[in-house]
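# coordinates only, sequence not included:
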């Protein structure tokens, strides 16, 4: 028995692993590769050039690898690369890149994109992230690993969200977010280290205490960022704290404080 429903429209040039399941009325374009173990629901559209890794599950009415909404886009063959074990729920939209950037939208593995969330052109998403319902990434956004975006939150174009950051529902994120921090609000403000999230992921007490201390140095002592970072770097920081420092030093839009 075929794993591809007879009403699905599959371009002959698409490369689809033998065990991929494709539901009714889904459309797979010519420049699409789909890896082993993927399950594509009904009424899904996947366009390319796109490479879909292994064991991804894509639910009904999702649109993956579509042309982007940037008015500068003129039909160039830009790409989407999706890793393994991602879950893409109903109505999610993920667009390919543009030639104005790296011609690439890239998503890692084990991410959860809840219903109606959006990943715009040229975004880079790490591993183990969660975008809750209707969370939106504008173009050129970068997410680290283990980032959580609450429902209805929106990230401004070119912003960076550091690894293990947690953003509350409805947040309007206009600047970069330091790694390990919790933010919320309109516009977003920082509210501390994501202590519970780090605890669940097995961070040591020493690392969490060091991150709390580093957070206070940057966000609570009234220092400018340059002086705060200089103070932290003189203390031989733990690797986790160095990640926190680097997420601030690499900011190009300013840090949410």
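Okay, I see it. Computed from a predicted structure; not experimentally measured. Residues are numbered from 1 along each chain as shown.
# going forward, measure contacts and count neighbours with C-alpha atoms only.
Will do.
# Can you tell me how far the spatially most central residue of the chain is from residue 234?
For the chain, residue 125 is the residue whose C-alpha lies nearest the centre (C-alpha atoms, centre = their mean; 3.2 Å). Applying C-alpha to C-alpha, to the nearest Å, the value for residue 125 to residue 234 is 32 Å.
# Show me this protein divided up by domain.
Following the TED database, the chain resolves into domains at 9-140, 198-250.
# how long is stretch 216-232 from one end to the other?
With C-alpha to C-alpha applied, stretch 216-232 spans 11 Å between its terminal residues.
# which residues touch residue 60?
40, 41, 42, 43, 44, 89, 90, 91 (C-alpha atoms under 8 Å, 6 or more residues apart in numbering).
# Quick one: these as a markdown table, columns for secondary structure and distance to residue 244 too.
Converted to a markdown table, those look like this (DSSP: H, G, I helix; E, B strand; the rest coil; distance: C-alpha to C-alpha, whole Å):
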| residue | secondary structure | distance to residue 244 |
| --- | --- | --- |
| 40 | strand | 38 |
| 41 | coil | 39 |
| 42 | coil | 42 |
| 43 | coil | 42 |
| 44 | coil | 39 |
| 89 | coil | 31 |
| 90 | coil | 34 |
| 91 | coil | 34 |
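# Can you say which of these are buried?
40, 41, 42, 43, 44, 89, 90, 91 (16 or more other C-alpha atoms under 10 Å).
# Return the member of those nearest to residue 77.
residue 44 (20.6 Å; C-alpha to C-alpha).
# all strands for the stretch 101-250 of the chain, in order.
Secondary structure of the stretch 101-250 of the chain (DSSP state E, counting those that start in this stretch): strands at 104-107, 112-113, 118-119, 124-125, 130-131, 136-137, 142-143, 148-149, 154-155, 160-161, 166-167, 172-173, 181-185, 188-193.
# For these, state which one has the densest average packing.
strand 160-161 (a mean of 30; mean count of other C-alpha atoms under 10 Å).
# Which neighbouring elements make contact with it?
Applying 3 or more C-alpha pairs under 8 Å, 6 or more residues apart in numbering; DSSP states H and E, we find strand 160-161 packed against strand 142-143.
# Quick check: which helices or strands does the strand it packs on pack against?
Under the contact rule (3+ C-alpha pairs under 8 Å, 6+ apart), strand 142-143 is packed against strand 124-125, strand 160-161.
# Neighbouring strands of that strand in the sheet, and parallel or not?
strand 124-125 (parallel), strand 160-161 (parallel) (DSSP bridges).
# if we can go back for a sec, could I get the buried ones among the contacts of residue 60 in JSON lines, plus columns for distance to residue 159 and pLDDT?
Formatted as JSON lines, the buried ones among the contacts of residue 60 follow (distance: C-alpha to C-alpha, whole Å; pLDDT from 0 to 100):
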{"residue": "40", "distance to residue 159": "31", "pLDDT": "98"}
{"residue": "41", "distance to residue 159": "32", "pLDDT": "98"}
{"residue": "42", "distance to residue 159": "34", "pLDDT": "98"}
{"residue": "43", "distance to residue 159": "32", "pLDDT": "98"}
{"residue": "44", "distance to residue 159": "29", "pLDDT": "98"}
{"residue": "89", "distance to residue 159": "24", "pLDDT": "98"}
{"residue": "90", "distance to residue 159": "26", "pLDDT": "98"}
{"residue": "91", "distance to residue 159": "24", "pLDDT": "98"}
